Every structure is written in C-alpha cells, then in structure tokens.
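Enquirer: Predicted model and sequence below, questions to follow.
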Amino acid sequence: MRIFIFCLFILVSCNSKKNTQKVAESTVINSVVEKNGFLSVKGNKVVNSFGQPVSFAGNSFFWSNEYYRGDGFYNKEVVAWLKKDWNAKIIRLPMTADPDIHDSYIFDKETNQKNIEIAVDAAIDLGLYVIIDWHSHKAEDNLEESIEFFTQMATKYGKHPNIIYEIYNEPLKVTWDDVIKPYAEKVIEAIRKIDKKNIIVVGTAHWSQDVDKASENPIIGYDNIAYTLHFYAASHKDWLMGKAQKALDNGVALIVTEWGTVEADGGGEADPESTKKWMEFMRKNSLIHCNWSINNKDEGASALKPNASLKGGWKDEDLTISGKLAKKYIKNW
C-alpha cells in the first residue's frame, strides 16, 4: 500500500511538472519569434521557418551613445512596454559607430556595447526580433571595428533566431560598386564564419535609398542577404517607392530598418497622407519595418515628448504627433 501511494505521488508530481512546463512553453510560444522561428530570404521576401512571407512592425531606438541622450531608453522596461502597449514585434538598436562622434563605439566600446547588449538580451527574453545596427555614415572607414563588433555579436547571439544584423546604417555619397559592396562582403564573411543563417541587411547608397542600384549588382555567394531601405514620409514620395519597387522586381529583399513620418532631417511636421501611402506599400510588399525613433529629443521624428519616462509606461499625452501616428500603425500591424 505504501508503495502504491508513493508511486501515485510520483505520478501526480510528474504530471504537475509537465503541466507547469506546458504553461511556461505556451507563454513563450505566443511570442512572434516562437511562432516564426529563424527568418530567411526567399526571392524578394523575408520568410519564416515555414517558408511563409512575414511583415513585422516595430521601433528603432536612437543612437546608443550618451551624448545624444538616447541611451537612457536601452533597458528591459522600455522593450517590454513596446511589446505590451505598442504590439511591437521587432526593435532596432543603433550602435553609434560614426568616427566623428566623440563617444561612439570607435572611442568608447564598453559603454556602447553594454547598452546594445542590455536591449538585445531583453528582446530575446521577451521573444522579439532585434536588428543590431552598425549606425554609421562612414562604415568603410572603420572596417576593422565593424568586423570586431559583429564577430562578437555573432559569437554571443548567433544561435538565437531573434537576430538580424544591419551592417551599415546609411552610406552617403559613395558608390555601391566601389565602396559599399566591397565593405559589406568583408563584414558578411566575418559573420558567416560564426552565424550561418540569420539575416544580414546591407545599407545602400544615398542614405539607404538607392536600393535599385544595389539590386542591379547584388551580393552573391551568401544566403539570407537583404538590403536596407529608409524613408521619411514628408520628404520621400512616389519616386522613392519607384526605386524600391524596381529593387523588388529585380528580385532582392528589402527591410525598412528606419522610417519616419517627418522630414528626412528628423524635423518638421508629420505627413499622415504620405505615411499612409508608405504603410500601404509596405503591407502590399510584406516588408519588415521600424519607426525612428524611441527618444524624447525635441524634434519631429521623436516618438516621445521631452519629459517622457525612460522606463516606458507612456500615456498618449507622453507621445508626440509622430509617436501617436507611428503607434497606430505598429499596434495594428
């Protein structure tokens, strides 16, 4: 009898553990990453682990350095709030890497990398996709540092399906064939030595607008390569959509790692009509996109007003006009 009771206790205990495990698993399974797994590029689409095209909406943070004051938002509370209240499925983390900025990664690796890793860890814990962005306009001038950084990121995070690498934010007036593509091939080679499968996004000329030119001479020899498209709705109209459409027609995949509702310089007023047209374009073409930016800097592109909390929990009155417009689209994507 004692043996029977003991066995019954063990059986109940095991079932209880299994039920607890199922509850825990179901909580995680509800995340966008658990539902979709590793992303890949198939033709001109980003697809999930089942081969289905995906389109996620989320937020880009501001530069990671202290001087620009965006670093205060690099914490788990903000990431969790964006997931809960904005329905964000993806975040973008711009590693400040410009050599002209005195406290960028080039001069202060430890502080900037710590900020990035805090937010990457939060995204993984919360089941969000995360773009690790080398936020520079002159990345070709710091190839060694770029390879160093992405080697570290791939080593630490490459096993996670959450990760997307963005290896060059916005090249300026340099050519794709002579500067950007050779730079990208070297960084891609370094990443692929460690991480064979997560998507790598490559910036394109003229503030990541000349996607059409990149599509005419795409990077070959590697899988899961996409190209960066940036737009600011008040500045960029049908002509840029045309360039994007040409790139898609040429068979390359695009990810809109940064878009704004305002002028290209981050100022001015939001343009709801143009923003709506861009949302329709991205929906039609199944594009992943992140709005610029989670910051309380006093400029049009900021999603937050100057006194907004650094820990999330924002109410509508804490959001700028641009922030309210972006939230509407992200929340309902």
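Expert: That came in fine, so what should we check first? None of these values were measured; they are calculated from a predicted model.

Enquirer: what pLDDT does the spatially closest residue to Trp314 that is not a sequence neighbour get?
Expert: Nearest non-adjacent residue to Trp314, counting by CB to CB, 6 or more residues apart in numbering: Ala308, 5.6 Å away. Using the backbone N, CA and C atoms, a C-beta is placed for each residue, glycine as well. Model confidence at Ala308, given as pLDDT, is 98.

Enquirer: And Ala308, how close does it get to Leu319?
Expert: For Ala308, the distance to Leu319 equals 8 Å [CB to CB, to the nearest Å].

Enquirer: buried set for stretch 40-58?
Expert: The neighbour-count check on stretch 40-58 (16 or more other CB atoms under 10 Å) flags 40-41, 44-48, 54-58 as buried.

Enquirer: average pLDDT for that stretch?
Expert: Mean predicted lDDT for stretch 40-58 stands at 99.

Enquirer: Can you give me the neighbour number for Asn30?
Expert: If you count neighbours by other CB atoms under 10 Å, Asn30 ends up with 10.

Enquirer: can you pull out the strands in the stretch 151-300 of the chain?
Expert: 163-166, 200-202, 225-232, 254-260, 289-294 (DSSP state E, counting those that start in this stretch).

Enquirer: any chance of those in TSV, plus mean neighbour count and distance to Pro182?
Expert: Output for those, formatted as TSV (neighbours: other CB atoms under 10 Å; distance: least, CB to CB, whole Å):
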stretch	mean neighbour count	distance to Pro182
strand 163-166	25	18
strand 200-202	28	11
strand 225-232	25	15
strand 254-260	26	21
strand 289-294	28	27
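
Enquirer: Now tabulate those in CSV and tack on mean pLDDT and distance to Lys246.
Expert: Shown next, in CSV, are these (pLDDT from 0 to 100; distance: least, CB to CB, whole Å):
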stretch, mean pLDDT, distance to Lys246
strand 163-166, 99, 22
strand 200-202, 99, 17
strand 225-232, 99, 11
strand 254-260, 99, 11
strand 289-294, 99, 19
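
Enquirer: So for Val179, which of those sits nearest?
Expert: Proximity to Val179 (CB to CB) singles out strand 200-202 among the strands of the stretch 151-300 of the chain, at 12.1 Å.

Enquirer: Quick check: can you name the pairing partners of that closest one and their directions?
Expert: strand 163-166 (parallel), strand 225-232 (parallel) (DSSP bridges).

Enquirer: Go ahead and confirm Lys42 touches Gly51.
Expert: Yes. Between Lys42 and Gly51 a contact is recorded at 6.6 Å, counting by CB atoms under 8 Å.

Enquirer: Is it possible to get CSV of the strands paired with strand 200-202 that adds distance to Ser104?
Expert: As requested, those are exported to CSV (distance: least, CB to CB, whole Å):
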stretch, distance to Ser104
strand 163-166, 16
strand 225-232, 20
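
Enquirer: Which among those is found nearest to Glu299?
Expert: So among the strands paired with strand 200-202, strand 225-232 is nearest, using CB to CB, at 12.0 Å.

Enquirer: could you give the angle of the closest one to strand 289-294?
Expert: 50 degrees (axes from the mean of the first three to the mean of the last three CA atoms, to 10 degrees).

Enquirer: circling back to that earlier point, which residues does the residue nearest to Trp314 contact?
Expert: By CB atoms under 8 Å, 6 or more residues apart in numbering, the residues touching Ala308 are 296, 314, 318-319.

Enquirer: Which of those fall within strands?
Expert: Among those, no member falls in strands (DSSP state E).

Enquirer: Looking at the residues you listed, spot the one nearest Glu170.
Expert: Closest to Glu170, out of all of the contacts of Ala308 and judged by CB to CB, is Asn296, at 22.5 Å.

Enquirer: thinking the closest one is in contact with Pro306, fair?
Expert: Yes. Counting by CB under 8 Å, Asn296 does reach Pro306; the two are 5.1 Å apart.

Enquirer: So between these two, which is more surrounded?
Expert: Remark: of Asn296 and Pro306, Asn296 carries more neighbours, 23 against 12, as counted by other CB under 10 Å.

Enquirer: Quick check: phi and psi at that one.
Expert: phi -110, psi 20 (degrees, to the nearest 10).

Enquirer: same check, this time on Tyr168
Expert: Torsion angles, degrees, to the nearest 10, at Tyr168: phi -160, psi 110.

Enquirer: which stretches of the stretch 201-333 of the chain form helices?
Expert: Secondary structure of the stretch 201-333 of the chain (DSSP state H, counting those that start in this stretch): helices at 205-208, 211-215, 238-249, 272-284, 321-331.

Enquirer: Mind exporting the C-alpha coordinates of the last one to CSV?
Expert: Presented in CSV, the C-alpha positions along helix 321-331 are these (Å, rounded to 0.1, in the frame of the first residue of the first chain):
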residue,chain,number,x,y,z
ILE,A,321,2.3,63.7,-33.1
SER,A,322,4.7,61.4,-34.9
GLY,A,323,4.7,59.0,-32.0
LYS,A,324,0.9,58.7,-32.0
LEU,A,325,0.8,58.1,-35.7
ALA,A,326,3.6,55.5,-35.6
LYS,A,327,2.0,53.7,-32.7
LYS,A,328,-1.3,53.5,-34.6
TYR,A,329,0.3,51.6,-37.4
ILE,A,330,2.6,49.5,-35.3
LYS,A,331,-0.1,48.4,-32.9
